[in-house]
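S.K.: okay, sequence plus prediction incoming.
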Amino acid sequence: MRDLLAIPVIFLAVVLQSSIVSRIPLLSGNADLPLVILAAWALQEGVDTAWHWAILAGLMIGFVSGIPMLVPLATYLLVVIMARLLQRRVWQAPLLAMFGITFIGTLILHIFSLGALRLNGTALPIVETLGLLTLPSILLNMLLAVPVYAVMRDLAHWMYPTPEFE
Amino acid sequence: MRNNFSRALQTTIIFLVMGGVIALALGGYFSSASNVFTGSLVNLQTWLSSRFIAVQEFLTAPRDVASLRQRNAELEAEVSELQAQVIQLQQRVGETEILAALVDFSRANPDNTYKAAEVIGRDPSPFLHYVIINRGSNDGILRGMPVVTDQGLVGRVDAVIADAARVQLITDPASNVNVRLENAQTDASLVGSVTGDLELELIPQETNVEAGDLVLTSGLGGGYPPDLIVGQVVNIRARDFDLFQQATVQPVVDFNRLQIILVIVNFTPVDIGPLFPTP
């Protein structure tokens, strides 16, 4: 049941990302809902299915997007790794960890995307990309981080009930 | 006999007195007295009437408020329903206008066969300028087919599944369209950018390019059919030390508001890749 929950949530996130979130740009950047959801889910205490979520999200985004599938897959797995590491170290400030993961995850995604496009023969100007894509995307992801974290925390409490919440 | 006479006399006198009183009243001689009387009567009736109405309202008001609230709720629900209908109809009007324009376009260009499709999404990555449409290989869509609107060129199909396809817009950084400048009678290369701006490259230095020049597909390379409108030249950058001029192009299509597009299904792109020597 816990593993299967990833399918509807990630599916919904990818559909929302493609149909709505991608149509709300800030300059040329936009938010990455699956990345923020993954970061928030992996930061929840007791959650042990974040790896499945990362693989599923990476595959689905790779399928929908024109970007090579390895880019979202590797990024999302790295996000989960970082979230699990940070969750143990800064467990008293989960929102701080959430912002940190979102920031670094977005940066990694954009670096990987730039690299993949360059390998495919499309060299993008780095400074322009940083100013018009990366920084606005980071800002949008940060804005999404708080509400998504709250939703995922409730979902985690529902799926992994702990004594103090029962 | 005498009694009868006196009784008739009394009756006559009474009638005369009454007639006199009525005549005096009609003549207004009793107005002050009648005003006092009628005023008292009216005041009494007003007092009684107001008390009655107050009691009646007290007894019936709760029932009226309840019915009014119910009626208000019904009307609010009806207003909401009608507003939803208005929004739906406005959307349909918008779609109908777009479809009418597309039909006009297809009639004006009878050489091509079109398949209309709706834009249902955009690429999740901000690095790529792709849209997702709701037609796929089941509808005869193939990779490489050009995509247009009634205004001009949109891009070409990049990937296809059974019921959907991904279209690479000409604003994508990896897009490269061979075009010609109508007035200057010269060929050039149109490339996209990360910001969605269109740049015209490889314009020979000796070519006289002016702002407002129309940019059309040239058909060279076999990727797109010729003479599809792309946009207009906005400004030109010509420097003596450069090999070629550059220009910025304003596309005729508003890529942020793409809703319905046409796929040219009778155009088969030519793959000229094998003609290039491999190192």
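M.R.: Structure's in. What do you need?
S.K.: quick one, domains of chain B?
M.R.: Split into domains by automatic domain parsing, chain B comes to B:2-60, B:114-268.
S.K.: what's the span of the longest one, first residue to last?
M.R.: Start to finish, the residues bounding domain B:114-268 are 13 Å apart (Cα to Cα, to the nearest Å).
S.K.: which bits of the stretch 151-279 of chain B sit near chain A?
M.R.: By Cβ under 8 Å from any Cβ of the partner chain, the residues of the stretch 151-279 of chain B that approach chain A are B:158, B:159, B:166, B:168, B:173, B:174, B:194, B:195, B:196. C-betas here are computed from N, CA, C, even on glycine.
S.K.: among these, which pair sits farthest apart?
M.R.: Of all pairs drawn from those, the greatest distance, 23.6 Å, lies between B:159 and B:195 (Cβ to Cβ).
S.K.: hmm, residue B:126 and residue A:17 touching each other?
M.R.: No: contact criterion Cβ atoms under 8 Å: residue A:17 and residue B:126 do not qualify, at 11.1 Å.
S.K.: so is residue A:132 in a helix, a strand, or just coil?
M.R.: helix (DSSP: H, G, I helix; E, B strand; the rest coil).
S.K.: can you give me the neighbour number for it?
M.R.: 21 (other Cβ atoms under 10 Å in any protein chain shown).
S.K.: which pLDDT value goes with it?
M.R.: Listed pLDDT for residue A:132 reads 91.
S.K.: what of residue A:2?
M.R.: Per-residue confidence (pLDDT) for residue A:2: 68.
S.K.: got phi/psi on residue B:122?
M.R.: Main-chain dihedrals, residue B:122, degrees, to the nearest 10: phi -130, psi 160.
S.K.: so it versus residue A:15, what's the distance?
M.R.: 12 Å (Cβ to Cβ, to the nearest Å).
S.K.: give the contact list for the most centrally placed residue in chain A.
M.R.: Nearest to the geometric centre of chain A sits residue A:35, at 0.9 Å (Cα atoms, centre = their mean). Residue A:35 is in contact with A:57, A:75, A:76, A:79, A:102, A:105, A:106, A:109, A:141, counting by Cβ atoms under 8 Å, 6 or more residues apart in numbering or on different chains.
S.K.: tabulate these (CSV), appending pLDDT and secondary structure.
M.R.: CSV is the format used below for the contacts of residue A:35 (pLDDT from 0 to 100; DSSP: H, G, I helix; E, B strand; the rest coil):
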residue, pLDDT, secondary structure
A:57, 92, helix
A:75, 94, helix
A:76, 94, helix
A:79, 94, helix
A:102, 94, helix
A:105, 94, helix
A:106, 95, helix
A:109, 94, helix
A:141, 94, helix
